[in-house]
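Q: Structure for the following, please:
(2 chains)
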Amino acid sequence: MSAKSLISTNPNALIPLFFILLLIPLSPSSNFVNSARTLSSLHKSKVRTDESLTFLWPLPAQYTFGNQTLTVDPNLSLVLGGRKAGNSNFITEAFMRYKSIIFKHPSKESASGFKYDITKLSIIVHSENEELQLGVDESYSLLVAKNDGHSIIGEVTIEANTLYGALRGLETMSQLCVYDYESKSVKVFKAPWFIQDQPRFQYRGLLLDTSRHYQPVEIIKQVIDSMSYAKLNVLHWHIIDEESFPLEVPEYPKLWSGSYTKWERYTVEDALEIVSYAKLRGINVMPEVDVPGHAESWGKGYPDLWPSPSCTEPLDVSKNFTFDVIAGILTGMQEIFPFKLFHLGGDEVNTDCWTSTPHVAQWLEEHNMSTRDAYRYFVIKAQEIALSHDRIPVNWEETFNTFPSKLSPETIVHNWLGPGVCPKAVAQGFKCIYSNQGVWYLDHLDIPWENVYYAEPLEGINNASLQNLVIGGEVCMWGETADASDVLQTIWPRAAAAAERLWSNREATSSGISKLQPTFRLEYFRCLLTRRGIPAAPVKNYYARTAPPGYGSCYEQ
Amino acid sequence: MGWRKKVDKTVLWLLLVHILLISVVGADNRRLNLWPMPESVSHGQGTLYLDSEKFELKTEGSKYGDASGILKDGFSRVLDIIKGEHIIQGTSRFGSSVVIKGIHVVILSSNDELQYGVDESYKLSIPVQGNPLYAHIEAQTVYGALHGLETFSQLCYFNFETRVIELHQAPWTISDKPRFSYRGLLIDTSRHFLPLPVIKKVIDSMTYAKLNVLHWHIVDTQSFPLEIPSYPKLWKGAYSSTERYTMAEAADIVSYAYKRGINVLAEIDVPGHAESWGVGYPLLWPSKNCTQPLDVSSDFTFKVIDGILSDFSKVFKYKFVHLGGDEVDTSCWTLTPHVSDWLKKQGLDASQAYEYFVLKAQEIALSHGYEMINWEETFNNFGSKLNPKTVVHNWLGGGVAQKVVEAGLRCIVSNQDKWYLDHLDATWQGFYSNEPLTNITKPEQQALVLGGEVCMWGEHIDGSDIEQTIWPRAAAAAERLWTPYDKLAKDPREVTARLANFRCLLNKRGVAAAPLAGPGRVAPFEPGSCYRQ
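A: Below you'll find the predicted structure:
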């Protein structure tokens, strides 16, 4: 069943997209309400959470809606169709997860004989392939309509090419379902809905740093859950850094002696569990080993990796052992992380230890290398190890800035230092990930959500084929001041602003058209997150992760 | 990737605390890492193992039928906690003489009514001899047994090298009971709405610290989120149509808490903190432009209170209800003509009318079978008139409990300088050191202090920051309220490492407890181990 056939069954109920944009309230006066407001003005501004409005985040590619209100049966059943979905626990589990999200309020017993408008949810998945990789088809169509008894497509239908598209459709469906406190039942307002959706970028990432602070597995799972609500799809796991080495590496079992304590660690099984938990939510996990500059903790178990006990970073470029360990880590991680992209770091390399340590300096001389050459030598050698393990190397931008012509052509350049880097990288044929720290570093608490939202990964790239080389972007949650107690409210809601930028049409999210429009929806989405148990901070905070400034409605803070 | 270190004025102080923490953190197994500290503990030096897949609950000899699954569910929750998110290996490599096969729980009472003063004592023993080996919990009630299970869970460690759950320092003999029967935490859903999953997570975290009363400050000036079937327009005072609780949801919260040994104390704060009531029923206001306190002159006011308490009595089964009574500014009564006329007619001045209101509300509460708790202003203003069943809830400062019990009334301690969680500058050390029985020496007067409560007022608290503002400071008070006086540290620095361990335990269980090193809900100020921050 094609999308077109869906449309033609409901020609009368459809309203074009531009009209929807006009319907969304734009009144600035109800937007910025200060905390000194009186009770009466508070209650006047309730239009904002009017049931007649539906807020989706991120905005779908195309959608139309009508003006009916449909009731949803708390005993909603799943009907599987298509080639693969018929025997997939994957979809059944996802359906159960979303069912508990949609029906988390106790529903009123319905009077006998009451007929719900929506009693079935059909999911049709065409492809049998369950592999989750970069570029997997995440498109879906979603129809929510009252079954008039004539149509073969009933009530709610999600149709997708892959399981992962179906997951995105379920998320959108869950955002359409609203608990109505008056009737004590779940309703879909403004039906019928027809949505056709796919992401703008294939790589929509969030970096999590478990070296500066250990994050318990339970917290990582909360992060993964929350990512799926915003349709992010890559968890960039910055596992290791100078400060600690929490992950077990079977090939070199002393490496995790570099953990903070023996309780702040991940076993191989823990990591596998995280990867499989993420996969069930359509999220890839990209591991990082940041060499040679951010690796001091490696030497705790293997001091030979340090140039010397008193000069401990970068890793010793002169020893084969260093590269044996990297190869061993790759071998171990290959078993854990099926994602083809592998992050090798390569940033902020201070080579002083190489010149000040006699045996390394001597090696440099013997090989006729400057420290800059040795840095390049190290990065390229690590890339070769990754490639030989069937992994595509991702490197921070310094590697590209310093020796672009020597990098493997497969390299994906990860921007961070500032704007304008992806245009240069794609001009030389490299793929690029956008993470400009001025807008997409979540540990920068002084970046307001608007700056996150209006940052454009394709800025300065006008040629369409070059634009295609920007595979997406990533917001980075560096862990110096983020532990289990504050990581989620530092991530949210600002990561959601980037998530919409990466998912939704550029036209629909550019500042010219919708100056105010995302504010309401983002406030609504942050309240949705808190209702799902994710501690997303107030949207209007001047500094990220600060407390609400005073009492008030979630929808206005 | 760079990170700009921000140095602020607290850093030096933080560094000092940090150094203190480092100096006491040995992270070794010999220390007792239990929170709150039990009444009596003895242990050995052996190591036992447990197989979480086969670990079983045995109840032979128990008089408790567990019809509602309180014990069974509690056991499976604790088992999940012990496993954490880890994949656990079996214990087949060890001989059965060092493997604990399960817990044998013997409960002596068949009654599982959870009321004030319910017996929460338990004895936990973990022997090293026996085949098969069982840990033993003996308790009068299922609620004592739940505390025993929590203590057991704190003795279990996941060994990352072997992937086995270990229990160190066996054998164990622990005998435990709370010092106070009322160990409360206030949450405020009027200043900010707290979604259901957030409240449930707060309840879960309370059980880890053995707190046992969730004081639900449901309604206040700013919003009225709860459905009241008798007066269905009251929840029009909610912030929005979705920031609400149905009565069925309130019942769900009560039963969720009940199954975890926690009572829910519901509050309506009359007459002074009730402006939002009038959104649905403007007649409750003295006038449209003078909207607080509730109109003392109108019978309708007391009818509504009666309706609310009638609805409450069907859902909130705790024997106490909180009637507020604090911070009453009576100027609307004297400024509004029909109210001031009424005052004249009754021969009351404004402060007498305040007394009249509070006492009338108390009568209504009594008629619904409740005993009532009132904030201390009621005692300070007309203590001798209060119904003898009144429990006075201290908040303004220290020394109040002493006066209350001298007057023969019962008291709950919450002096704001030490136990208000919204005071971010109130340190965990202050929470720990705050002694409810200060200057109360006579046993019969000590018995009138029911316990204490830490208060999480909601002006700056919503679903995004409640956990880290509550924890770890509430845990410091929890030990004060649980552990026998003689076993409490005289200098809170002695418990720093143990409390740091408990906050990391909370993190592992998914609770966003903040670092110890700093004021309330501070972010960690630099990279480092959880156990040292």
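
Q: On the three-state scheme, B:K360 is what?
A: Going by DSSP: H, G, I helix; E, B strand; the rest coil, the secondary structure assigned to B:K360 is helix.

Q: Do I have it right that it meets B:D299?
A: No - under the criterion of CB atoms under 8 Å, B:K360 lies out of contact with B:D299, with a separation of 10.4 Å. Where C-beta positions appear, they are placed from N, C-alpha and C, glycine not excepted.

Q: Looking at those two, which one has more neighbours?
A: Remark: of B:K360 and B:D299, B:K360 carries more neighbours, 15 against 8, as counted by other CB atoms under 10 Å in any protein chain shown.

Q: what sits against that one?
A: Taking CB atoms under 8 Å, 6 or more residues apart in numbering or on different chains as the contact definition, B:K360 lies against B:F302.

Q: Repeat that for the one 5 residues further on.
A: Residues near B:A365 by CB under 8 Å, 6+ apart: B:L309, B:V321, B:L323, B:E371, B:M372.

Q: With adjacent residues omitted, what lies nearest to it?
A: Taking CB to CB, 6 or more residues apart in numbering or on different chains, and ignoring the residues beside it in sequence, B:A365 has B:M372 as its nearest neighbour in space, at 4.4 Å.

Q: Could you do A:A498 as well?
A: A:V475 (4.7 Å).

Q: Repeat that for B:E243.
A: Spatial nearest neighbour of B:E243, chain neighbours left out: B:F193 (3.7 Å); criterion: CB to CB, 6+ apart.

Q: Could you tell me how far the residue in the stretch 351-500 of chain A that chain B sits nearest to is located from B:P195?
A: Using CB to the nearest CB, the closest approach of the stretch 351-500 of chain A to chain B is made by A:A484 at 3.7 Å. Relative to B:P195, A:A484 is positioned 20 Å away (CB to CB, to the nearest Å).

Q: Looking at these two, which is more packed in?
A: More neighbours surround A:A484 than the other of A:A484 and B:P195, with 30 against 23 (other CB under 10 Å).

Q: Could you tell me which residues make contact with the residue of the stretch 351-500 of chain A closest to chain B?
A: Contacts of A:A484 were listed using CB under 8 Å, 6+ apart, and they are A:H213, A:Q215, A:P216, A:I219, B:N507, B:K508, B:A512, B:A513, B:C530.

Q: May I have the phi/psi pair for it?
A: According to degrees, to the nearest 10, the main-chain angles of A:A484 amount to phi -60, psi -20.

Q: what does the model give it for pLDDT?
A: Predicted confidence (pLDDT) at A:A484: the value is 97.

Q: same thing with the one 5 residues further on?
A: Reported pLDDT at A:Q489 in the predicted model: 96.

Q: cool, A:G82 as well?
A: Among the per-residue scores, A:G82 shows a pLDDT of 75.

Q: Mind listing the residues bridging to it?
A: Counting by DSSP bridges, A:G82 forms beta bridges with A:V125.

Q: Near residue 227, how many residues? Count them for me, please.
A: Let's take chain A. Count around A:M227 with other CB under 10 Å applied: 26.

Q: I was thinking of chain B, sorry if that wasn't clear
A: The burial count assigned to B:E227 is 21, neighbours taken as other CB under 10 Å.

Q: same thing with B:S384?
A: B:S384: 8 surrounding residues under other CB under 10 Å.

Q: for residue 60, what are its contacts?
A: I'll assume chain A. Applying CB under 8 Å, 6+ apart as the definition, the contact partners of A:P60 turn out to be A:T172, A:I195, A:Q196, A:D197, A:S504.

Q: To clarify, I was referring to chain B.
A: Residues in contact with B:E60, defined by CB under 8 Å, 6+ apart, are B:H104, B:V106.

Q: Likewise for A:S228?
A: A:S228 makes contact with A:L167, A:E171, A:R281, A:G282, A:I283 under the criterion CB under 8 Å, 6+ apart.

Q: what's the spacing between it and chain B?
A: When distances are taken as CB to the nearest CB, to the nearest Å, A:S228 and chain B turn out to be 16 Å apart.

Q: Now do the strands in the stretch 251-400 of chain B.
A: Taking DSSP state E, counting those that start in this stretch to define them, one finds strands in the stretch 251-400 of chain B at B:263-267, B:320-322, B:371-375, B:391-393.

Q: cool, and the stretch 51-200 of chain B?
A: Per DSSP E, counting those that start in this stretch, the stretch 51-200 of chain B carries strands over the ranges B:56-58, B:99-107, B:122-126, B:133-139, B:156-159, B:164-176, B:182-188.

Q: Those strands: which one's closest to chain A?
A: Between these, strand B:156-159 lies closest to chain A; by CB to the nearest CB that is 7.6 Å.

Q: then the closest one to PDB, C-alphas only?
A: This file holds the C-alpha atoms of strand B:156-159, laid out as PDB (Å, rounded to 0.1, in the frame of the first residue of the first chain):
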ATOM      1  CA  CYS B 156      25.400  -7.100  48.100                       C
ATOM      2  CA  TYR B 157      28.000  -6.100  45.600                       C
ATOM      3  CA  PHE B 158      28.500  -6.900  41.900                       C
ATOM      4  CA  ASN B 159      32.000  -8.000  41.300                       C
END
